[in-house]
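>>> 3D, please:
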Amino acid sequence: MDERFFARDVVAVAADLLGARLLVDGVGGLVVETEAYRQDDEASHSFRGPTAGNAAMFGEPGRVYVYRSYGLHWCLNVVCERGSAVLIRALEPTHGLETMMARRAVTVARKLCNGPGNLCRALAVTGEMNGLSVLDAPFSLEPPFEVPVSASGVRIGISKAAERPWRFAVKGSPYLSKPI
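Presented below is the predicted three-dimensional model:
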């Protein structure tokens with residue numbers, strides 16, 4: 001993967017990230033759930049234009065946009081075309097399970113990265129990573145070894161434009177934040 005992979009329509013990138021291996025300092029797993037957000041989308045942080053808080057969304061493709069949800073949980077997104085980003089909602093943990101379990105105080109693998117806040121806590125993603133490239137350390141992103149069977153549905157956890165079918169998931173995965 002390179003910047004060109006991300007310099008495309010965010011909906012296509014969100015679907016194509018399923019099955020990719022995402023690690024942060026060697027800890028992580030396979031992407032099993034994503035959501036797409038465009039600049040013309042009322043639910044997107046970029047909808048009202050650039051601000052100091054969302055500046056990363058207007059940066060180069062492949063940069064990460066990390067923000068706090070409800071002032072509590074970090075959320076990891078990867079920037080695509082200007083003003084658009086893919087929210088990484090869930091991973092199937094495969095690398096560094098003991099580290100993730102210690103960070104999350106959870107011993108059940110399927111609960112380690114099932115939701116954007118849990119995922120960031122398990123991978124130690126914080127706002128200090130905002131604007132870094134997902135293609136460089138401490139991140140490692142590898143394309144899927146095989147394309148998983150996927151499903152799409154409406155986005156969750158938002159109140160505006162929630163009906164858009166821009167949530168993508170590996171069909172039948174037990175690691176999702178919520179079944180599709």
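>>> With the flanking residues excluded, which residue is spatially nearest to the most centrally placed residue in the chain?
Nearest to the geometric centre of the chain sits I88, at 1.3 Å (CA atoms, centre = their mean). Closest residue to I88 apart from its sequence neighbours, by CB to CB, 6 or more residues apart in numbering: L76 at 4.9 Å. No exception for glycine: its C-beta is placed from N, CA and C like everyone else's.
>>> Would you confirm that that neighbour contacts V125?
Yes - the pair L76 and V125 qualifies as a contact (CB atoms under 8 Å) at a distance of 5.1 Å.
>>> Which one's more surrounded, these two?
The residue with more neighbours, out of L76 and V125, is L76; 27 against 23, by other CB atoms under 10 Å.
>>> That one pairs with what?
V66 (DSSP bridges).
>>> Look up how far M100 lies from it.
Distance, L76 to M100, by CB to CB, to the nearest Å: 14 Å.
>>> what's the helix or strand for P61?
P61 belongs to no helix or strand when assigned by DSSP states H and E.
>>> so what's it closest to, chain neighbours aside?
F6 (3.7 Å).
>>> Next up, the contacts around that neighbour.
Applying CB atoms under 8 Å, 6 or more residues apart in numbering, we find F6 in contact with 13, 61-62, 78-80.
>>> Return the set of buried residues in stretch 93-102.
The neighbour-count check on stretch 93-102 (16 or more other CB atoms under 10 Å) flags 93, 95-96, 99-101 as buried.
>>> returning to that earlier point: any shared contact partners between L76 and V125?
Shared contacts of L76 and V125, counting by CB under 8 Å, 6+ apart, come down to 66, 119.
>>> For the spatially closest residue to E146 that is not a sequence neighbour, grab the count of nearby residues.
Nearest residue to E146, sequence neighbours excluded (CB to CB, 6+ apart): G19, at 6.8 Å. Neighbours of G19 under the rule other CB under 10 Å: 19.
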